[in-house]
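> Make a model of this:
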Amino acid sequence: MPETPDNRALLWAYAAVIMTAFCWSGNWIVGRGLHEEITPLALSFWRWMVTAMVFMPFVAAAFWRERNILRQEFPRLLVFAFIGALAFNTLIYWGLRTTGALNGALFNSMQPIFVLLIGGLWFGQRYSLRMMAGMVISLVGVVIIIARGDFGILVDLSFGFGDLLILVAIFIWSLYSVLLKAWPTKLSQMVFFAATFVFGLPMILPFYVADLVISGPFVVSKTIVVGVLYLSIAGSIIAYLCWNYGVRVAGAARASLFLHLIPVFTAIQAMFLLDEKVHMFHVAGIALIFSGIYAATAQKPFWRPRSPS
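I've put the predicted structure just below:
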């Protein structure tokens, strides 16, 4: 039986995945906003190249010290690198070329369901009824915010090839999250993260070179520079370190529930940055999301029957 983390460790893990949700709240907007200026492979390659240039000077010495562990865990690290650096991001950016951020956000909210399915069917993990109920409650809150309180919007949504790519991306990221817990590593947190893009960049490179031959180079603009910096620093370094830590401590099922906070943070940012007003559907959706997260992660039951006196 795996050791159950104490309350303090869980609180730090929850804080980490909340930070991940905050950093990733802008990813869909950036990916969709740049889809006409840069190809998915170019965006994926330069995101991780800039991440490597910023992050590696701080972790290079530790990377060398842990080289023997890196060698031992190399096959597993290749799986994490393929999913985390190449497949997930590239599929998301490719999907966002032909579908909107609304569809993407809806599919992103499917991750907790995928995590439960992969963990239960593939790895035999068991989840409590309370956790599953909390997942459903928070998912309803997400849908209310995305639909802006009008479920007719969901009926009118159309789905195409781009949506399928995003759905596949969310599924394999759910697999990544489950594997973080199922395949514990002896590497330090920072070296493990560095290994994902150090081994991932050579995987992306041949596809990027082929993309350059077919599509040609992109024109560097201020928008692309700012977008890539955001994806590299906030969306990669901060978010991935926090996510990997949170999943290792709390488990993939609990951690993935906090991704339902992404539309909450998006709504808050829109309120302050775009002068959007808070509506009742925001309040209702946020209340359901927090209620669902609390229901799934609370260490004590809400109600305990009194023992007969």
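
> Which residue ranges of the stretch 101-250 of the chain form strands?
With DSSP state E, counting those that start in this stretch, there are no strands along the stretch 101-250 of the chain.

> Where does pLDDT dip in it?
101-106, 121, 123-127, 145-149, 151, 153-159 (pLDDT under 70).

> show me where it has helices.
For the stretch 101-250 of the chain, the helices defined by DSSP state H, counting those that start in this stretch cover 101-108, 111-117, 129-146, 152-156, 161-182, 189-215, 222-232, 239-250.

> Tell me what angle the fifth one forms with helix 239-250.
Here helix 161-182 runs at 50 degrees with respect to helix 239-250, directions being taken by axes from the mean of the first three to the mean of the last three CA atoms, to 10 degrees.

> Next, the angle from helix 161-182 to helix 189-215.
In terms of direction (the same axes, to 10 degrees), helix 161-182 departs from helix 189-215 by 160 degrees.

> Helix 161-182: how far from the chain's middle?
Distance of helix 161-182 from its chain centroid, counting by CA atoms, centre = their mean, to the nearest Å, is 9 Å.

> nearest to residue 76, of the helices of the stretch 101-250 of the chain?
helix 161-182 (7.9 Å; CB to CB). All C-beta spots, glycine's among them, are computed from the backbone N, C-alpha and C.

> Show me what counts as buried in the closest one.
Buried residues in helix 161-182, counted by 16 or more other CB atoms under 10 Å: 162-163, 165-181.

> quick one: contacts of that helix?
For helix 161-182, contacts defined as CB atoms under 8 Å, 6 or more residues apart in numbering pick out 76, 79-80, 83-84, 87-89, 91-92, 94-99, 103-104, 107-108, 110-111, 114-115, 118-119, 122-123, 125, 243-244, 247-248, 251-252, 255-256.

> and the spatially closest residue to residue 34 that is not a sequence neighbour, how many neighbours does it have?
Of all residues not flanking residue 34 in the chain, residue 227 sits nearest, at 5.0 Å (CB to CB, 6 or more residues apart in numbering). Residue 227 has 23 neighbouring residues, counting by other CB atoms under 10 Å.

> any idea how far residue 227 lies from residue 91?
18 Å (CB to CB, to the nearest Å).

> Likewise for residue 289?
Remark: distance between residue 289 and residue 91 (CB to CB) = 26 Å.

> cool, residue 291 as well?
32 Å.

> Those two: which is more packed in?
Between residue 291 and residue 91, counted using other CB under 10 Å, the more crowded position is residue 91 (23 against 15).

> From residue 171, how far out is that one?
10 Å.

> Now for these two: what residues contact both?
In contact with both residue 91 and residue 171: no residue, using CB under 8 Å, 6+ apart.

> most neighbours per residue, which of the helices of the stretch 101-250 of the chain?
Greatest average neighbour count among the helices of the stretch 101-250 of the chain goes to helix 239-250 (a mean of 23), per mean count of other CB atoms under 10 Å.

> Does anything pack onto it? Which helices or strands?
Applying 3 or more CB pairs under 8 Å, 6 or more residues apart in numbering; DSSP states H and E, one finds that helix 239-250 contacts helix 7-24, helix 161-182, helix 189-215, helix 252-257.

> ok, now with 10 Å
Under the contact criterion of 3 or more CB pairs under 10 Å, 6 or more residues apart in numbering; DSSP states H and E, helix 239-250 touches helix 7-24, helix 40-65, helix 161-182, helix 189-215, helix 252-257.

> Is it possible to get CSV of those that adds distance to residue 221?
As requested, those are exported to CSV (distance: least, CB to CB, whole Å):
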stretch, distance to residue 221
helix 7-24, 23
helix 40-65, 13
helix 161-182, 23
helix 189-215, 16
helix 252-257, 35
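
> Quick check: which of the ones you listed is nearest to residue 265?
helix 7-24 (5.0 Å).

> in the very next helix or strand once past the closest one, what's buried?
Sequence-wise, the next helix or strand downstream of helix 7-24 (DSSP states H and E) is helix 27-33. Using 16+ other CB under 10 Å as the test for burial, helix 27-33 gives 27, 28, 29, 30, 31, 32.

> Check those and tell me the two furthest apart.
Maximum distance among those (CB to CB): 9.4 Å, for 27 and 32.

> Quick check: residue 184 touching residue 248?
Yes. Contact criterion CB atoms under 10 Å: residue 184 and residue 248 qualify, at 7.3 Å.

> ok and the strand or helix carrying residue 91 relative to helix 40-65, angle-wise?
In this assignment (DSSP H and E), residue 91 forms part of helix 88-95. Relative orientation of helix 88-95 versus helix 40-65 (the same axes, to 10 degrees): 170 degrees.

> With that, I have no additional questions.
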